[in-house]
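Novice: Fold the following.
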Amino acid sequence: MDIAAPLRLRVDRDALRSNWQALDRWSGAAACGAAVKANGYGLGASLVAETLAGAGCRDFFVANWAEALALAPLGLTVSVLHGLRAEDVATARAGVARPVLNSPEQVARWRESGGGPCDVMVDTGINRLGVSVEAVRDGLLDGLEIETLLSHLACADEDVPMNARQRSAFASLKGHSSARRMSLANSAGIGLGADYHFDLTRPGLALYGGIPRPDMAGHLRQVGFPEAQILQRRRVPAGETVGYNATWTAPADTEVAILNLGYADGYRRALSGLGAAMADGKTLPVLGRVSMDLLAIDVTARPDLAEGDWLAMDYDLAAASVASGVSQYELLTGLGQRFARG
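Specialist: Next up is the predicted model:
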């Protein structure tokens, strides 16, 4: 029996396409790919990938092989950023995606399994995944069939000398492998300019309406809109409190709607007393603590709202991040599985 979910995550496909098109223009001569890991940054990987493929995107990046398999029915070109564990070899050999090899051990494992098209990550300073610049120069990758040589910027959202150091280290590898393309820039890296674009850019956050650098604001549109159903409407008399620990006291008789949404759904507790819902341009503040499955909204300004009605949450990523102290990435990818997405 299908039961309608009391939570919806509305995905604005037009905004998603518009954001990719803007990033594609900013990428100049470089191709513009898309990071669709973490279930399309929380919005639904298949929905996101299908929409972006229709807009012209041809390169998609996921974190692991389970994510790659989920996209296999779409027939896209997918790269698996976390590479090739021993237990991934059979799946990788099936050809559903390319591994991004991250260590000498993974390089050896891929060779021993029979080789074939792959990508390789080079560590230019972030000290996470990747083979060393020196190892590439010393011939570690010789003989591999490399489609894309990648690296990843540590501080692209800031204007710091490390960006140029990483770019220079990466650029120095041109011609030291069989790689057909080179790729360095994430969303924020695109904003650093043409020197960082190389042959392929790999935006993530900016595709989904996040603002990775202040100078990119005003050009990107919100994509995900959490919506929740009203479970109950009630009048809270002046002097009464709402929610755990009684953190909000009604200054006057207040009309309150209780929504089917809480921190278990990714609507962060840090938005207690700071968040809001929106209705026809009216801001309806969150009252008191966000709890696991419920939150309270002041609906005094909307006497027409009743049980069963839907409210859209104010979820501009940059503004919510500033208000809550939670990163835009966490606000987006933390949206839970109880949302119906579409």
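
Novice: As a check, name the ranges of all helices in the stretch 101-250 of the chain.
Specialist: Secondary structure of the stretch 101-250 of the chain by DSSP state H, counting those that start in this stretch: the helices cover 104-113, 133-137, 161-171, 187-190.

Novice: Let me have the ones you listed in TSV, extended by mean neighbour count.
Specialist: From N, CA and C alone the C-beta is placed, and that goes for glycine too. TSV is the format used below for the helices of the stretch 101-250 of the chain (neighbours: other C-beta atoms under 10 Å):
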stretch	mean neighbour count
helix 104-113	16
helix 133-137	15
helix 161-171	17
helix 187-190	26
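
Novice: for those, which one sits closest to D215?
Specialist: helix 187-190 (10.0 Å; C-beta to C-beta).

Novice: quick one: the closest one to chain centroid distance?
Specialist: Chain-centre distance of helix 187-190: 13 Å, with C-alpha atoms, centre = their mean, to the nearest Å.

Novice: Mind exporting the C-alpha coordinates of it to CSV?
Specialist: Listed next in CSV are the C-alpha coordinates belonging to helix 187-190 (Å, rounded to 0.1, in the frame of the first residue of the first chain):
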residue,chain,number,x,y,z
SER,A,187,32.3,25.0,-7.9
ALA,A,188,34.5,27.6,-6.2
GLY,A,189,37.4,26.8,-8.4
ILE,A,190,35.4,27.8,-11.4
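
Novice: Check the gap between A30 and A194 for me.
Specialist: 8 Å (C-beta to C-beta, to the nearest Å).

Novice: Find residues that contact each of those two.
Specialist: In terms of C-beta atoms under 8 Å, 6 or more residues apart in numbering, A30 and A194 are not both contacted by any residue.

Novice: Take the helices of the stretch 101-250 of the chain and write them to CSV, including mean pLDDT and distance to W26.
Specialist: As requested, those are exported to CSV (pLDDT from 0 to 100; distance: least, C-beta to C-beta, whole Å):
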stretch, mean pLDDT, distance to W26
helix 104-113, 98, 32
helix 133-137, 98, 27
helix 161-171, 98, 16
helix 187-190, 98, 5
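
Novice: Do me a favour and average the pLDDT over the strand ranked longest in the chain.
Specialist: Using DSSP state E, we find that the single longest strand of the chain is strand 224-236. For strand 224-236, mean pLDDT is 97.

Novice: Give me the buried positions along that strand.
Specialist: By 16 or more other C-beta atoms under 10 Å, the buried positions in strand 224-236 come out as G224, F225, P226, E227, A228, Q229, I230, R233, V236.

Novice: Between the residues you listed, which sits nearest N245?
Specialist: Using C-beta to C-beta, the buried residues of strand 224-236 come closest to N245 at V236, 15.7 Å.

Novice: what residues are up against the closest one?
Specialist: V236 is in contact with V242, A250, D253, T254, E255, V256, counting by C-beta under 8 Å, 6+ apart.

Novice: Farthest-apart pair in these, please.
Specialist: V242 and D253, at 12.7 Å, using C-beta to C-beta across these.

Novice: Those two - which one has more neighbours?
Specialist: Using other C-beta atoms under 10 Å as the criterion, V242 and D253 rank with V242 on top: 21 against 12.

Novice: For the more buried one, which non-adjacent residue is closest in space?
Specialist: Nearest residue to V242 in three dimensions, chain neighbours excluded: G288, at 4.2 Å (C-beta to C-beta, 6 or more residues apart in numbering).

Novice: Read off the pLDDT value for P6.
Specialist: So, for P6, pLDDT stands at 88.
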